[in-house]
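Asker: Build the 3D model from these lines:
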Amino acid sequence: LVAAVDAGLVDLVASRLPADGLGIDVTIGDARAALTRIPPGTADLLVLDVFAGARTPAHLTSAEFLSAAAAVLAPGGVYAANVADGGELRFARTQVAAALARFADVAVVAAPAILHGRGFGNLVLLGSAQHLPVDELTRRAAADPFPARVLTGTDVRRLAGAATAPADRTARPSPEPPPGFFGRPPDQNEL
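Answerer: This next block holds a predicted model:
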């Protein structure tokens, strides 16, 4: 099941990458609302890769959202979130804290430069009630043309630090990427 709020994007993707007969259902609507239509304990994998413009909306970054996402996972199911951040990783740290509060096993996959605050980019946050396949993830991440590190256990807790999981009332969208991040030169107003 794919939930997308942008009907025009869904039409464009369907015209370029038809998925007829592949068992992929697409629904137009908000990702959090779509979770309410999934029976509890039935999803093997839930991927959060949602951006409004260049930011993940606040209502998809809260502890309550993460609890709703975890509730639809089957035993051994995995939650995977694309988390965009940079610099001191303040936003990413809150997302890791939320995952640590909800899942028995949490891992983060990211490029070393991002983890060390030397740029803006994506971290993949993984959570499960069961053990994640960390050895396989580590092997694949190291062999990738763009190698990444896999953080687990103490390293994940260290990344979260003193951050707390945001509640619905205090959640914020992910940070705005820096000017020029998507390859276009910054406008004069952005300088």
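
Asker: Helix, strand, or coil at residue 170?
Answerer: Secondary structure assignment for residue 170 (DSSP: H, G, I helix; E, B strand; the rest coil): coil.

Asker: Which residue is the nearest non-sequential neighbour of it?
Answerer: residue 62 (7.9 Å; Cβ to Cβ, 6 or more residues apart in numbering). The way it works is simple: take the backbone N, C-alpha and C, and place the C-beta from them, glycine included.

Asker: pLDDT score for the one you found?
Answerer: At residue 62, the model reports a pLDDT of 96.

Asker: and if you look at residue 37?
Answerer: Residue 37 carries a pLDDT value of 88.

Asker: follow-up on the earlier one: the residue nearest to residue 170 and residue 133, how far apart?
Answerer: Counting by Cβ to Cβ, to the nearest Å, the gap from residue 62 to residue 133 is 27 Å.

Asker: Pick out whichever of the two has more residues nearby.
Answerer: residue 62 (22 against 14; other Cβ atoms under 10 Å).

Asker: Going along the chain from the host helix or strand of residue 69, find the next helix or strand for me.
Answerer: Here residue 69 sits within helix 63-72, counting by DSSP states H and E. Counting by DSSP H and E, the next helix or strand C-terminal to helix 63-72 is strand 73-86.

Asker: Next, the buried residues of that next one.
Answerer: 73, 77, 78, 79, 80, 81, 83, 84, 85, 86 (16 or more other Cβ atoms under 10 Å).
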